[in-house]
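# Below are the sequence and a predicted model for it; my questions follow.
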Amino acid sequence: MAESTQLTGKLLIAMPAMGDPRFERGVVFVCAHSEEGAMGLILNKPTDDVTLADLFEQLSIESGPDARQMRVHFGGPVETGRGFVLHGPDYTSSLSTLQVDERFGMTATLDILEEFARGAGPAQAFMALGYAGWGPGQLESELAQNAWLTTEATPDLVFSEDDAGKWQAALGTLGIDALMLSGSGGRA
């Protein structure tokens, strides 16, 4: 299944006809993709009700005056109580960091939050609660149904704070204007 593993480290861009409102106009970074399925983080759905300071408090992590501030996002509908940090290559957890590729790593252990509470950690980071998951063959099926477009992930796009503009920016990497996309498909 060499083709499917090529999606690791790529972006999925939801098409206008996406039937699931959780993914509407969504941009998903694929952290892992293999024959066993896929796992990714939605990059452009910030939460309004949870802050990084809230997470420090809930997890009894003492934060200092230099504690990092960053938006917390809805990463997907699976394990929404669990945190995931997508970050650049300048950080590796001593406990567990998934090296996605040479540009991105993903850490889901408390030590990275403890780093943030001290004002340290990776230079670029994206914080999400929950993740998007697909079983074996499920993502391939959705791709065949034209539910998603795929494109290269760049640190500028992934770590951009312009959540509202990420979908359009991701489409722009393919030379596509959102106004040109149709919400319905056809057959020739």
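In hand now; what should we look at? Numbers count the residues shown, from 1 in each chain.

# Show me the helices in the protein, by range?
Ranges of helices in the chain, per DSSP state H, are 2-5, 52-58, 110-117, 138-144, 155-158, 166-172.

# what does the second one rub up against?
Right, helix 52-58. With contact meaning CB atoms under 8 Å, 6 or more residues apart in numbering, helix 52-58 is reached by 61-63, 67-70, 72, 83, 113, 116-117, 127. In this view, the C-beta of every residue, glycine as well, is placed from N, C-alpha and C.

# count of neighbours near residue 99?
By other CB atoms under 10 Å, 12 other residues sit near residue 99.

# from memory it sits against residue 93, does it?
No: Residue 99 is beyond contact range of residue 93, at 10.7 Å (criterion: CB atoms under 8 Å).

# nearest to residue 18, of the helices of the chain?
Closest to residue 18 of these is helix 138-144 (CB to CB; 9.3 Å).

# Taking the centroid of the protein, which residue is nearest it?
Against the mean C-alpha coordinate of the chain, by CA atoms, centre = their mean, the closest residue is residue 41 at 2.6 Å.

# how close does it get to residue 84?
Separation of residue 41 from residue 84 (CB to CB, to the nearest Å): 6 Å.

# what do you get for residue 46?
For residue 46, the distance to residue 84 - CB to CB - is 14 Å.

# More neighbours: those two, which one.
Per other CB under 10 Å, whichever of residue 46 and residue 84 has more neighbours is residue 84, with 23 against 16.

# So that one sits against residue 125, correct?
No: contact criterion CB under 8 Å: residue 84 and residue 125 do not qualify, at 10.6 Å.

# pLDDT below threshold where in this protein?
For the chain, the stretches with pLDDT under 70 are 1-5, 179-188.

# now the strands for it?
Ranges of strands within the chain are 10-14, 27-34, 37-42, 46-51, 71-74, 78-87, 97-99, 105-107, 125-134, 148-152, based on DSSP state E.

# partners of the closest residue to residue 75 other than its chain neighbours in the sheet?
Excluding its sequence neighbours, the residue lying closest to residue 75 (CB to CB, 6 or more residues apart in numbering) is residue 128, at 2.8 Å. On the basis of DSSP bridges, residue 128 is bridged to residue 73, residue 84.

# can I assume residue 128 is in contact with residue 72?
Yes: between residue 128 and residue 72 there is a contact under CB under 8 Å: 7.2 Å.

# neighbour-wise, which of the two wins?
Higher neighbour count among residue 128 and residue 72: residue 128, with 28 against 20, using other CB under 10 Å.

# Please name the residues that touch the more buried one.
Listed by CB under 8 Å, 6+ apart, the contact set of residue 128 reads 41-42, 72-76, 83-86.

# Tell me how far residue 11 lies from residue 121.
Taking CB to CB, one finds residue 11 at 23 Å from residue 121.
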